[in-house]
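# got a predicted structure here, sequence first:
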Amino acid sequence: MIIHKKIKSWLLILLMTPLGGLIGCNRNNDHLCICYVYTNGVQTGIEELGDLMDRNECEKQSYFISDDNYSSCQTAGAGSQVPNRN
């Protein structure tokens with residue numbers, strides 16, 4: 001059961017990361033690094049880490065504490081809308 005949750009969490013992260021790169025493309029190459037924070041498997045927050053031009057550097061800001069506690073960081077174009085914060 002725990003392995004199933006872990007696989008499910010990682011699949012979600014792997015699917016979200018490239019999607020964020022596609023959404024965040026713009027001609028100026030001016031990107032924000034946005035991290036989606038999950039606690040007990042539920043999204044509990046969104047953090048803007050500021051201007052990071054490099055997508056790889058932004059993704060390195062992601063962290064994994066346990067199956068249910070992690071963050072997924074990805075770049076978004078400066079003109080993109082960030083979902084409402086809870």
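Great, that's in hand.
# point out where this protein drops to low pLDDT.
The chain contains residues with pLDDT under 70 at 1-30, 52-53, 78-86.
# in it, which spans are strands?
31-39, 42-51, 63-66, 69-77 (DSSP state E).
# closest one to Glu57 among the ones you listed?
Among the strands of the chain, the nearest to Glu57 by Cβ to Cβ is strand 31-39 (7.7 Å). Glycine gets a C-beta too; all of them are placed from N, C-alpha and C.
# got the angle for that closest one vs strand 42-51?
If you take axes from the mean of the first three to the mean of the last three Cα atoms, to 10 degrees, strand 31-39 sits at 160 degrees to strand 42-51.
# helices or strands up against strand 31-39?
Packed against strand 31-39, as judged by 3 or more Cβ pairs under 8 Å, 6 or more residues apart in numbering; DSSP states H and E, are the following elements: strand 42-51, helix 55-59, strand 69-77.
# and those: which comes nearest Tyr36?
Per Cβ to Cβ, nearest to Tyr36 of the helices and strands packed on strand 31-39: strand 69-77, 5.0 Å.
# just the helices and strands packed on strand 31-39: most buried one?
strand 69-77 (a mean of 21; mean count of other Cβ atoms under 10 Å).
# I'd like the helices and strands packed on strand 31-39 laid out as JSON lines, including distance to Ile34.
Output for these, formatted as JSON lines (distance: least, Cβ to Cβ, whole Å):
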{"stretch": "strand 42-51", "distance to Ile34": "6"}
{"stretch": "helix 55-59", "distance to Ile34": "8"}
{"stretch": "strand 69-77", "distance to Ile34": "5"}
